[in-house]
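Visitor: Just a sequence and a predicted model for now, questions to come.
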Amino acid sequence: MENSANQGSSPDRGPRDASSDVIILGGGLVGATLALALGAHGLTATVIDPADPAVTLAPGFDGRASAIASASGRMLDAIGIGATLAGQGCAIRHIRVSDGLKPGKLDFIPDADDGALGTMYENKLIRRALFDAATAAAGVDLRMKTRAVSTERTATGVVATLDDGTTVRAPLLIAAEGRNSPTRAAAGIRIAQWRYDHSAIVGAFHHERSHEDVAYEIFYPAGPFALLPLPDDAIGHRSAIVWSVAAEHGPGLMKLSNRGFLAEAEARMGGFLGRLSAPSPRGAYPLGFHHAATIVADRLVLVGDAAHGIHPIAGQGLNLGLRDVAALTEVLVEGKRLGLDLGDAQLLARYGRWRGLDTLAVAGATDILTRLFGIRGETASAIRRFGISAVDSIRPLKNRFMAEARGETGQLPKLLQGLTV
């Protein structure tokens, strides 16, 4: 495979026109996983992304980490990425939910035979594993630092014209460009959307005591404080955070010195992991909700954040995108085996039906949780703590929530079961 990560050409060959089974606009975590999943089943993909790998893959932890649900992890294993990531993540073996630091908690602890609920990875490690695999994959034409200046979808196929003057053709166009997908907008696909009055502060720090593979979700009226286990490093024990704060307070927290930031974080934690130290770089981004009215159109499919964006309250955003990948891969691989046009409307409608209900249900649940835990006052807090304690005592209900956290509910695509299609 010829890779265009450095503008894509060997010394004796310039940019080239090409054709493939699909064109994927966006080579982030979801887009690259999709390309590799399709490639593992004999389909070819041209991936177009303007990002510079020298920047996105630069050494060092950038403060961003993700929880990969156990079902998503099985898919990464099935397409060969799990082996690359082995030993680089931290298992989530226990999730504890509380309303602030007040009495009452909800513990999700799976049976020993069921394995971990998921695994925490630094995003950069996942990106590196995906990039290296896509670079080496025979069925993936990876064109980094490249943009599609136009795309034309017709009755017979899709043509994308790139900023290097080349064209790429395929039966199907897949938008994996993120929340502000220009392809979605150009297709006239409407979205339901609103902003939360929250910003998310992300990063990591070290702490005196071991997290013991526990993820904590501590709810405050201003937003949840999620503490997520990472592997120990040379300094010691560490965890990632996703800290939702009132939007007006976000800039102030970003301007704090490391010492001041750690003091604020420790106050939210009540010191249960001991003294905090050595914080990573931190970032902030506004929080919002969006959900596309449809995730399919003429020879077009939306995946990942191009299709849906949710509050990080339950850590399901990336996993929703990976579930899109598993379902779409199964639909397209089976369509290819049947000799169907991969842009066939009925084929794409199957993907739309499969993913539409699941994404809407998860998005709605996270929105309700965000609003429920944002209600201020002692009465509201007492009601929440009563509900938390009640759920903690009902094993079947807890099992249902754990299945959701694992990504194991609904009609499960084969890849999420660890099977090839």
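Guide: Looks like it arrived, so ask away. Residues are numbered from 1 along each chain as shown.
Visitor: residues touching residue 207, list them.
Guide: For residue 207, the contact set (Cβ atoms under 8 Å, 6 or more residues apart in numbering) comprises 236, 237, 238, 239, 273, 274, 275, 276, 277. Any C-beta I mention is one placed from the backbone N, CA and C, and that applies to glycine too.
Visitor: Pick out whichever of those residues sits closest to residue 178.
Guide: Among the contacts of residue 207, residue 239 lies closest to residue 178 (Cβ to Cβ), at 26.2 Å.
Visitor: Just give the number of residues close to that closest one.
Guide: Close neighbours of residue 239, defined as other Cβ atoms under 10 Å, add up to 23.
Visitor: Quickly list what it is bridged to.
Guide: Beta bridges link residue 239 to residue 205, residue 229, judged by DSSP bridges.
Visitor: what's the answer for the one 5 residues further on, then?
Guide: On the basis of DSSP bridges, residue 244 is bridged to residue 200.
Visitor: Distance check, it against residue 225.
Guide: 7 Å (Cβ to Cβ, to the nearest Å).
Visitor: what does residue 46 give?
Guide: From residue 46 to residue 225 the distance is 42 Å (Cβ to Cβ).
Visitor: So between those two, which is more surrounded?
Guide: residue 46 (24 against 21).
Visitor: and residue 320, what helix or strand is that in?
Guide: helix 317-337 (DSSP states H and E).
Visitor: what's the answer for residue 371, then?
Guide: Per DSSP H and E: helix 345-373 holds residue 371.
Visitor: Could you list the buried residues of that helix?
Guide: Buried residues in helix 345-373, counted by 16 or more other Cβ atoms under 10 Å: 347-348, 350-352, 354-356, 358-359, 362-363, 366-367, 369-370, 373.
Visitor: by how many degrees do that helix and helix 317-337 diverge?
Guide: Here the directions of helix 345-373 and helix 317-337 differ by 170 degrees (axes from the mean of the first three to the mean of the last three Cα atoms, to 10 degrees).
Visitor: and helix 345-373, what does it pack onto?
Guide: strand 283-292, strand 296-297, helix 317-337 (3 or more Cβ pairs under 8 Å, 6 or more residues apart in numbering; DSSP states H and E).
Visitor: How far does stretch 320-333 sit from its chain's centre?
Guide: Counting by Cα atoms, centre = their mean, to the nearest Å, stretch 320-333 is centred 14 Å from the centre of its parent chain.
Visitor: returning to what we had before: switch the contacts of residue 207 over to TSV, and while doing so, append pLDDT, secondary structure and distance to residue 401 to every line.
Guide: Shown next, in TSV, are the contacts of residue 207 (pLDDT from 0 to 100; DSSP: H, G, I helix; E, B strand; the rest coil; distance: Cβ to Cβ, whole Å):
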residue	pLDDT	secondary structure	distance to residue 401
236	97	coil	32
237	98	strand	27
238	97	strand	27
239	97	strand	22
273	96	coil	24
274	96	coil	29
275	96	coil	32
276	97	strand	29
277	97	strand	33
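Visitor: Quick check on those: which are buried?
Guide: Using 16+ other Cβ under 10 Å, the buried members of the contacts of residue 207 are 237, 238, 239, 273, 276, 277.
Visitor: what about residue 195, neighbour count?
Guide: 11.
Visitor: which residues does it bridge with?
Guide: Beta bridges link residue 195 to residue 288 when assigned by DSSP bridges.
Visitor: Could you find the closest non-adjacent residue to residue 43?
Guide: residue 21 (4.4 Å; Cβ to Cβ, 6 or more residues apart in numbering).
Visitor: got a list of what the one you found touches?
Guide: 38, 43, 44, 45, 170, 171, 172, 332, 336, 342.
Visitor: Now with 6 Å, please.
Guide: Going by Cβ atoms under 6 Å, 6 or more residues apart in numbering, residue 21 touches 43, 44, 342.
Visitor: about what we covered before: give me the contacts around the helix holding residue 320.
Guide: 30, 33-34, 37-38, 41, 66, 69, 72, 75, 303-304, 310, 342, 347, 350-351, 354-355, 359, 362, 407, 413-416, 421.
Visitor: Show me where the stretch 101-250 of the chain has its helices.
Guide: Using DSSP state H, counting those that start in this stretch, the helices of the stretch 101-250 of the chain run over residues 123-136, 182-186, 250-255.
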